[in-house]
Structures are given as C-alpha cells and as structure tokens.
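A.B. asks: quick one: sequence plus predicted model below, questions after.
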Amino acid sequence: MKSLLKRVMSTTRRSVLEGYDKTQVGLMNEECILTDRDDKVTGKASKKTCHLMENINKGMLHRAFSVFLFNTQGDLLLQQRSDAKITFPGHFTNTCCSHPLYTPLELEDQEALGVKRAAQRKLQHELGISPNSLSTEDLKFVTRVHYQAENAPDPGVWGEHEIDYILIAQKDVAVTANPNEVKSHVYVDRQQLLQMMDKSRTGDILITPWFRLILDKFLMSWWDNLSDIEQHKDNLIHRLCDKLE
C-alpha cells in the first residue's frame, strides 16, 4: 500500500509540472519562508508547494517582495514576465517580484534586511542589475501587503498567497534582462502606466493582480514622494482582498 501511495504521489508531482520550461521547473525546488497572517515565520516549503492552489486554499501563506525601481527622471521600470513562467506568464508587473528563501541571510528580519538581500539576488538574476549598483541601503522598505490570487490565464492549479514586502528605490542602473525570466522591460511615466491599465481592462495586455492592487491602493501617493519615501513607511500588513480581512 505504501509503495502504491508513493507511485501515485510521484505521478502527481510529475504531472503538475509536466510541459513547463525546465529552468522554471528547477526553480520550483527553492525553499520559501512560510508565515502566519502576522508575518511570523512558521517554517519552510518548496516554491512549488507554496504556489499550489490546493495548499493556498488550506491557508498556506509565504513571504514575498515587490520592488518598484524608478530612474532619476521619475519613471518606473516595469517588466513583462517571460512566457516560460509557470505563474502569470506574459503579464506586465512592477520591476521585480519574488521570494526571500529560507536561508540565514534572507531570514534576517531587522530592517527587512533579509528581504532586501533577496531582492538584490533576484534583480541580478532577472534584470542583470548588479548589487554593486543597487545596495540594500538603496532599497527602502515601505510596508507589507497581504493578497491572494489564482493564476492566469490558466487557473485551477497555481496561485499566489503572500505577505508581500514593498521595496522602493530611485536610481539609474544598467539593465540586461534574462530572457527566461523577462520577455520585455520598459520605463513608464504615470500617464503611460494608466494607459497600460486601460488596455488591460479590454484584454489588450495582461497585468499581474498584485501590481494592480498596489497601484489602486498606494502607488500614486508613493510616486508623489520619491524624494522622501520613508514618510510612507509603516509596520502594518495591509489586507488587499475582502476575504483576507
């Protein structure tokens, strides 16, 4: 019986990732940080486990971050997620969105230092932005948001349920995108971003749900105060979906 169960579980593991890009499948083995609703660390789980809707629907929650990088002209760097991505392929989103890993360096809570280190790692991996050109001091922690979303355009199997740390920076950097992670990237001003959001409502472009929620709730007021962004810093966790209240 145990042997049969192992074979069934093995088949399930294979089938849920079958057909996806091999590099992206490999990244699903990374160990994310599990938390409770108050962002207290409760353990670890693979990226795959964290993003399965069957676990999300049982309340599994993990730590994440979203970087908003502006240049010195005040334009925001967006990326379009690669078509190889397992969750939200081809969607436009903020500069970089990912997860701190369950490692000593990225678990450090003081001044959100672990999350900032994770952001440096992923900015380099996805966009070729060197940690030497964007330090942890450049990345300003502003707040946390709690959201949940089912994958698109193929719902059912994958989704997101995250305590998302918001990091904002303003600096001119060189970008060399990794095509396995990023399909395209562009700097936009406010009007151009609002035009993109209008196009997303008619299905002309895709926007990630967390980016849309953050834009609707916070982004424009942050954009108004880039030179003094820390005035917006708080220790709250903003619940951005009704069912999360």
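C.D. replies: Cool, got the structure. Numbers count the residues shown, from 1 in each chain.
A.B. asks: where along this protein do the helices fall?
C.D. replies: Taking DSSP state H, the helices of the chain run over residues 2-17, 22-27, 47-51, 53-56, 104-107, 113-127, 190-201, 209-214, 220-223.
A.B. asks: so where's this protein uncertain?
C.D. replies: 1-14, 242-245 (pLDDT under 70).
A.B. asks: so which residue is dead centre in it?
C.D. replies: The centroid of the chain falls nearest to Cys97 when counting by Cα atoms, centre = their mean (2.7 Å).
A.B. asks: what about the nearest residue to that residue once chain neighbours are set aside, neighbour count?
C.D. replies: Nearest residue to Cys97 in three dimensions, chain neighbours excluded: Ser66, at 4.9 Å (Cβ to Cβ, 6 or more residues apart in numbering). Bear in mind the C-beta positions are built from the backbone N, C-alpha and C, glycine included. When neighbours are counted by other Cβ atoms under 10 Å, Ser66 registers 22.
A.B. asks: likewise Lys22?
C.D. replies: Residues lying near Lys22 (other Cβ under 10 Å) number 9.
A.B. asks: repeat for Asn235
C.D. replies: For Asn235, using other Cβ under 10 Å, the count is 8.
A.B. asks: and what of Pro89?
C.D. replies: Considering only other Cβ under 10 Å, Pro89 is surrounded by 20 other residues.
A.B. asks: list the contacts of it.
C.D. replies: 81-83 (Cβ atoms under 8 Å, 6 or more residues apart in numbering).
A.B. asks: could you list which of these belong to strands?
C.D. replies: Arg81 (DSSP state E).
A.B. asks: what's the ChimeraX line that selects buried ones from the contacts of Pro89?
C.D. replies: Selection of buried members from the contacts of Pro89 for ChimeraX, criterion 16 or more other Cβ atoms under 10 Å:
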select :81,82
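A.B. asks: on that earlier part again, and the helices of the chain as TSV, adding distance to Ile237?
C.D. replies: Shown next, in TSV, are those (distance: least, Cβ to Cβ, whole Å):
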stretch	distance to Ile237
helix 2-17	30
helix 22-27	26
helix 47-51	18
helix 53-56	17
helix 104-107	18
helix 113-127	14
helix 190-201	25
helix 209-214	14
helix 220-223	17
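A.B. asks: and of the contacts of Pro89, the nearest to Phe211?
C.D. replies: Arg81 (10.5 Å; Cβ to Cβ).
A.B. asks: what residues are up against that closest one?
C.D. replies: 88-93, 181-183, 208.
A.B. asks: in contact with the closest residue to it other than its chain neighbours, which residues are there?
C.D. replies: Spatial nearest neighbour of Arg81, chain neighbours left out: His91 (5.1 Å); criterion: Cβ to Cβ, 6+ apart. Listed by Cβ under 8 Å, 6+ apart, the contact partners of His91 are 80-81, 152, 206-208.
A.B. asks: ok, 6 Å please
C.D. replies: Neighbour list for His91: 81, 206, 208 [criterion: Cβ atoms under 6 Å, 6 or more residues apart in numbering].
A.B. asks: thinking again about what came up before, ok, of the contacts of Arg81, which one's closest to Asp75?
C.D. replies: Phe92 (14.6 Å).
A.B. asks: was I right to think that closest one contacts Ser82?
C.D. replies: No - the pair Phe92 / Ser82 is not scored as a contact, 11.9 Å apart, by Cβ atoms under 6 Å.
A.B. asks: and the contacts of stretch 98-106?
C.D. replies: Identification of contacts with stretch 98-106 by Cβ under 6 Å, 6+ apart yields 30-33, 44, 63-64, 114-115, 117-118, 122.
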